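Undergrad: Attaching a predicted model along with its sequence, questions to come.
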Amino acid sequence: MPTGVVGAVGMAGLTLAGGYGPLCGRFGLALDNLLGAEVVLADGRRVTADSRHDAELYWALRGGGGNLGIVTELRFRAHRLPGVLAGMIMFALSEAPAVLRGYGALVAEAPDELTVMAGFLPGPAGEPVIFVCPFYSGSDLDAGAPWMDRLRALGTPLVDQIGPMPYADALRMFDGGMVDGNHYLLRTRWLPALTDGAVDTLVDAARQVTSPFSALAVHHFHGAATRVRSADTAFGLRADHLMAEIIAVWAPGDDAGPHREWAERTSAALAPHALPGGYPNLLAPEETDRVRLAYGANWARLRRAKRRYDPRHLLHAVPTLPPPEHPE
């Protein structure tokens, strides 16, 4: 099933507000593969939500997060996937501008079977490295080899670990970056493309990173995910785009201030290059205007669903929807 990039990400939260991941181009978002759910509503009723039962709740759950009920069971469409051609290619920070520009051009023409993540990770020498992480999920993995060669040619690889593997193994690539006990602050921007301004902002943020644990990620939204009509689920943006994820991480006992400021500063610097709104799963509770903009034309319908299923506003989740009595 389509999952997040990191295997430890929970499927419930991932699915209910979105679900970017390595199979986005071929199979869509995680929420596009949700066939139904069992839900306990705020008044205690237990209901089934799918295309034949409580279809409005089913629509709202696919993007509206956990604001409409307590989901106790999810049913997903599964796909036969013997393996993927995947791995990690890393380059020196000095090559980042060229690598990001080349990445932006490549993903604009990538087939459904190829979804590529990019970004910055902590490097062994204390300086971040830029990475590209492709997942080719076509039935003939050899057909993905020319795309891997194009990614290698974006610069001079420091690390080149591409090969066929089971999908579950590919999801373990980022496990080492998630350290239990650390503090995390996430911010997000939707980018229509990697313009020169967006590239410069991301590279500057990598150079100014305040923690050896922090990272930046650029997620690729295309293919099957774009062919779902906006009105068919609550999720609001179905055009090709890139989702920038700003991940500030610091150890227990550290002063949170510099790391929070780095994340907020990076988000603000990306804003002029970004689309309205942002990925609902990563929007902070106080970002109410951006939550509204994230849903676009679906906002009014989602608000009506909130009033219908939780009129007393007992449930709060990410994204945080305002109380039913809040002005539109």
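TA: Good, I have the coordinates.
Undergrad: what ranges do the helices span in the stretch 1-150 of the chain?
TA: Here the stretch 1-150 of the chain has its helices, by DSSP state H, counting those that start in this stretch, at 11-17, 24-27, 55-64, 96-107, 145-152.
Undergrad: Throw these into TSV and include mean neighbour count and mean pLDDT, thanks.
TA: C-betas here are computed from N, CA, C, even on glycine. Below are the helices of the stretch 1-150 of the chain laid out as TSV (neighbours: other Cβ atoms under 10 Å; pLDDT from 0 to 100):
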stretch	mean neighbour count	mean pLDDT
helix 11-17	22	96
helix 24-27	24	98
helix 55-64	22	98
helix 96-107	20	98
helix 145-152	16	98
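Undergrad: Out of the ones you listed, which gets nearest to Arg238?
TA: In terms of Cβ to Cβ, the element of those nearest to Arg238 is helix 55-64, at 10.8 Å.
Undergrad: Output the helices of the stretch 1-150 of the chain as JSON lines; include the columns distance to Arg303.
TA: Shown next, in JSON lines, are the helices of the stretch 1-150 of the chain (distance: least, Cβ to Cβ, whole Å):
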{"stretch": "helix 11-17", "distance to Arg303": "16"}
{"stretch": "helix 24-27", "distance to Arg303": "27"}
{"stretch": "helix 55-64", "distance to Arg303": "10"}
{"stretch": "helix 96-107", "distance to Arg303": "34"}
{"stretch": "helix 145-152", "distance to Arg303": "42"}
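Undergrad: Grab the nearest non-local neighbour of Gly87.
TA: Ile162 (3.8 Å; Cβ to Cβ, 6 or more residues apart in numbering).
Undergrad: helices and strands around the host helix or strand of the one you found, which ones?
TA: According to DSSP states H and E, Ile162 maps onto strand 159-165. Packed against strand 159-165 by the contact rule (3 or more Cβ pairs under 8 Å, 6 or more residues apart in numbering; DSSP states H and E) you find strand 84-91, strand 129-136, helix 145-152.
Undergrad: Ok, which of the ones you listed comes nearest Ala300?
TA: Closest among the helices and strands packed on strand 159-165, using Cβ to Cβ: strand 129-136, at 35.9 Å.
Undergrad: wait, what's in contact with Trp262?
TA: Counting by Cβ atoms under 8 Å, 6 or more residues apart in numbering, Trp262 makes contact with Ala205, Gln208, Val209, Thr210, Ser211, Ser214, Ala248.
Undergrad: And it, which helix or strand is it part of?
TA: Trp262 belongs to helix 256-270, assigned by DSSP H and E.
Undergrad: Off-centre distance for that helix?
TA: Averaging C-alpha positions (Cα atoms, centre = their mean, to the nearest Å) puts helix 256-270 19 Å from its chain's average.
Undergrad: With stretch 46-63 instead?
TA: That offset, for stretch 46-63, works out to 23 Å (Cα atoms, centre = their mean).
Undergrad: Kindly export it (C-alpha atoms) in CSV.
TA: C-alpha atoms of stretch 46-63 as CSV (Å, rounded to 0.1, in the frame of the first residue of the first chain):
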residue,chain,number,x,y,z
ARG,A,46,-20.1,3.8,15.6
VAL,A,47,-20.5,4.2,11.8
THR,A,48,-19.1,2.8,8.6
ALA,A,49,-17.8,5.4,6.1
ASP,A,50,-17.2,4.3,2.5
SER,A,51,-18.7,5.0,-1.0
ARG,A,52,-22.0,3.3,0.0
HIS,A,53,-22.3,4.2,3.6
ASP,A,54,-22.1,7.7,5.0
ALA,A,55,-20.4,8.9,1.8
GLU,A,56,-20.0,12.5,3.0
LEU,A,57,-18.0,11.3,6.0
TYR,A,58,-15.9,9.2,3.7
TRP,A,59,-15.2,12.2,1.5
ALA,A,60,-14.3,14.4,4.5
LEU,A,61,-12.0,11.8,6.1
ARG,A,62,-9.8,11.7,3.0
GLY,A,63,-8.0,14.9,3.8
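Undergrad: Having no further points to raise, I will conclude here.
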